[in-house]
Each structure stands twice: as structure tokens, then as C-alpha cells.
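1. missing the sequence, but the structure's below:
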């Protein structure tokens, strides 16, 4: 089996910033209330009817490709992790066309906030079994389009963004994907969802209904309890399978959902909060985009260096959660 490693990272966010003071003009809240409970100060939001996840995903992908001077035509596979596609049938093919990766197979992977982790694991399997050599993995979401802006429980949390990584085949000794651990609890899907609803009957004789999707609904207390219990257990189990411990972790990179969750997970693992990679204060919860966004920023700031062990964990709607342990090779 050949190894897999991340060769490059790129990210993209919309230009429009909406801070907590502006949110407080929409719903009854305040900058202090939001910042204290979530750690979020502002978020980026797409503007205009014609802007979509495709534009953000494509820009992040091109940035990652340009960093290693890689022609899009060399990409074998594109995996777009998103829960807010521009087309219900999927948006990966639109990204493929937009960036000129004409030889690549492209498909969407829907797992909300865990999507990027599952996409990394999926790409690793394709590389390690020899199917593909160059894979573009993108985490991108524009959940602002699915927010009820009168619901202060959710409208304060989410932002739009995209992050991309180029994964490549390498020798087994240079393999950087050390292990992974994935879980799902479908019985709890209703704790965080965008549910389908039958809107109205369009034919009484045949009882045909036209449907629609509702807004984001979340039980914040239950999602918090789920995250701080399941994520540390997932990371611990993953570390055990590769004979490592929490003491070996140089950086803890979690889905950027809530500052309290990040700190609680670190505390349960006895990991210093100084090892947490976080940027949700600037972007909010960007779902599948949050991990690659934070990864790209950490690399730009020279936080992560060669041979560092990075524990990455995503968690959210489904409910799904998962961990991948990476030894940084670049």
C-alpha cells in the first residue's frame, strides 16, 4: 500500500463581515452575550442571490493548487464535503468545471460539520489502495442561506467559507495519515438538522405534494453534551490504535463550533489550551469548511511545522463525529 499526505492547503471566505453588534440589531442579543458563550465575534456571509458554495470552493481549490504549482488537469478526484450545495444533485461537478480539472471524477459528500474529516478518510482510502494519486478535498458550506435570521439560537453561530487540501500519494515511510476513527448515532439526528417538510398538495386526486427544506434547527444543550463526551473518546480511541497518547499531540484541531466545546474537549484530554487551533472568533461555525479554514491559517502563521502530530476531529449533524491523526510532512 502506498502512503498519503497533504501537499497543500487553501481557503476562501466572503468579503462581507457581520459582527455581533450588527446581529444584535436583528435579534435580541449582544456582543458580550455571543462572545462569552460562543467565542464568536464576527462571521463572513455571502451576498447576492447568485453567489454560492461553488465560487468559494473553487477559489479555495485554486489557492491550494497554486501553492504547489499544480495544474488542475493533474487532479484525479474531487471530493466536495458540503451540506449546502448549489444544486440538490451536488456541486462537485460544477467545481470540477470551474477550475478546469477536466480529467477528475467529482462527487459530493454530505456529513455536515464532520464532512471534511470523512472526506479526508475517503480520499486516503482511494490513495492507499492505488486508485488515485492526486485528490482535491474541499470542505465548503454557506449555511447563511439556511438560517432563520429571527432565531437567535442559530443565527449568531453560522458563517460561510471554504477550505481545500491537495492529497497526494507518497511512499509508505512518508505517509502522514496515521489513523482514523468514525462514528454515527442516527437516533439523535433531530438535535441538529435542516428538515424536509411537505409544503402543499399540488394534486388532490393523486395526493402529490411539493416539498421544501426548513431552516437550521438545533438543540444547543444536547449538541454541547454530545460533543464534549463523544469527541474526547473518539480521539483517545484513535490514538490508542496507533500507539500514541494525548501527550504526543502537538496541535488539537477541532471543528470550530463553540469556544466552550474546544476548551472542554482539551480539558478532558488533559491537553493544554495553548495547543488548540482556533479561529472561530472571526468566522463562526462554517460547518465542513471550519477545519480546513483553521488549518490553512495555522500554516500561514507557521504554527504547524514538520513532524508535528495534529489531532483533527469533526462533529455535528447526523449525529456524526470522527477523528483523523496526521503527522505533518510538509
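-> Now that the structure is in, tell me what you want to look at. Small disclaimer: the values here were computed from a predicted structure and weren't measured. Numbers count the residues shown, from 1 in each chain.
2. Show me the helices in this structure, by range?
-> 20-23, 31-38, 53-67, 92-99, 115-128, 220-241, 259-268, 280-283, 290-300 (DSSP state H).
3. for the chain, what helix or strand is lowest in average pLDDT?
-> strand 196-203 (a mean of 74; mean pLDDT, DSSP states H and E).
4. Quickly run through the sheet partners of that one, with directions.
-> In the sheet, strand 196-203 lines up against strand 208-213 (antiparallel) (DSSP bridges).
5. Please list the outside residues in contact with the partner strand.
-> 146, 194, 195, 196, 197, 198, 199, 200, 201, 202 (C-beta atoms under 8 Å, 6 or more residues apart in numbering). Every C-beta, even on glycine, is put in place using the N, C-alpha and C of the backbone.
6. Pull the most distant pair out of those residues.
-> 146 and 201 (24.5 Å; C-beta to C-beta).
7. thought residue 99 was touching residue 65?
-> Yes. Counting by C-beta atoms under 8 Å, residue 65 is a contact partner of residue 99 at 7.4 Å.
8. between the two, what contacts are shared?
-> Shared contacts of residue 99 and residue 65 (C-beta under 8 Å, 6+ apart): residue 72.
9. where are the low-confidence patches of the stretch 51-200 of the chain?
-> Low-confidence segments of the stretch 51-200 of the chain (pLDDT under 70): 200.
10. can you pull out the strands in it?
-> 77-81, 105-109, 134-142, 160-170, 177-184, 192-193, 196-203 (DSSP state E, counting those that start in this stretch).
11. Tell me which of those strands lies nearest to residue 6.
-> strand 160-170 (4.9 Å).
12. what angle separates the closest one from helix 92-99?
-> If you take axes from the mean of the first three to the mean of the last three C-alpha atoms, to 10 degrees, strand 160-170 sits at 80 degrees to helix 92-99.
13. Does anything pack onto strand 160-170? Which helices or strands?
-> If contacts are counted by 3 or more C-beta pairs under 8 Å, 6 or more residues apart in numbering; DSSP states H and E, strand 160-170 sits against strand 3-12, strand 42-44, helix 53-67, helix 115-128, strand 134-142, helix 290-300.
14. re the thing from before, in the least confident helix or strand of the chain, what's buried?
-> The neighbour-count criterion (16 or more other C-beta atoms under 10 Å) identifies no buried residues in strand 196-203.
15. mind checking how far that strand is from the chain centre?
-> 32 Å (C-alpha atoms, centre = their mean, to the nearest Å).
16. what do you get for stretch 265-279?
-> 18 Å.
17. tell me the mean pLDDT over it?
-> In this model, stretch 265-279 carries a mean pLDDT of 97.
18. Which positions in it come out as buried?
-> 265, 266, 268, 269, 271, 275, 276, 277, 278, 279.
19. What of stretch 300-311?
-> 303, 304, 309, 310, 311.
20. and what of stretch 77-95?
-> 77-86, 90-95.
21. try stretch 275-291
-> 275-280, 282-291.
22. Quick check: which of the strands of the stretch 51-200 of the chain is nearest to residue 245?
-> strand 177-184 (12.9 Å).
23. The helices of the chain into TSV, with extra columns for distance to residue 179?
-> Shown next, in TSV, are the helices of the chain (distance: least, C-beta to C-beta, whole Å):
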stretch	distance to residue 179
helix 20-23	38
helix 31-38	31
helix 53-67	24
helix 92-99	26
helix 115-128	10
helix 220-241	5
helix 259-268	18
helix 280-283	26
helix 290-300	17
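24. Compare those and report which one is nearest to residue 323.
-> Nearest of the helices of the chain (C-beta to C-beta): helix 220-241, 4.3 Å.
25. and the angle from that closest one to helix 31-38?
-> 40 degrees.
26. Report the central residue of this protein.
-> Closest to where the C-alpha atoms of the chain average out (C-alpha atoms, centre = their mean) is residue 288, at 2.0 Å.
27. Would you mind splitting this structure into its domains for me?
-> Using automatic domain parsing, the domain parsing of the chain gives 3-174, 177-186+217-327.
28. Reformat these into CSV and put distance to residue 207 next to each item.
-> Listed next are those as CSV, based on distance: least, C-beta to C-beta, whole Å:
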stretch, distance to residue 207
domain 3-174, 23
domain 177-186+217-327, 27
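29. if we can go back for a sec, kindly present the contacts of strand 208-213 as JSON lines, with separate columns for distance to residue 6.
-> Conversion of the contacts of strand 208-213 to JSON lines gives the following (distance: C-beta to C-beta, whole Å):
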{"residue": "146", "distance to residue 6": "29"}
{"residue": "194", "distance to residue 6": "30"}
{"residue": "195", "distance to residue 6": "35"}
{"residue": "196", "distance to residue 6": "35"}
{"residue": "197", "distance to residue 6": "40"}
{"residue": "198", "distance to residue 6": "43"}
{"residue": "199", "distance to residue 6": "43"}
{"residue": "200", "distance to residue 6": "47"}
{"residue": "201", "distance to residue 6": "50"}
{"residue": "202", "distance to residue 6": "48"}
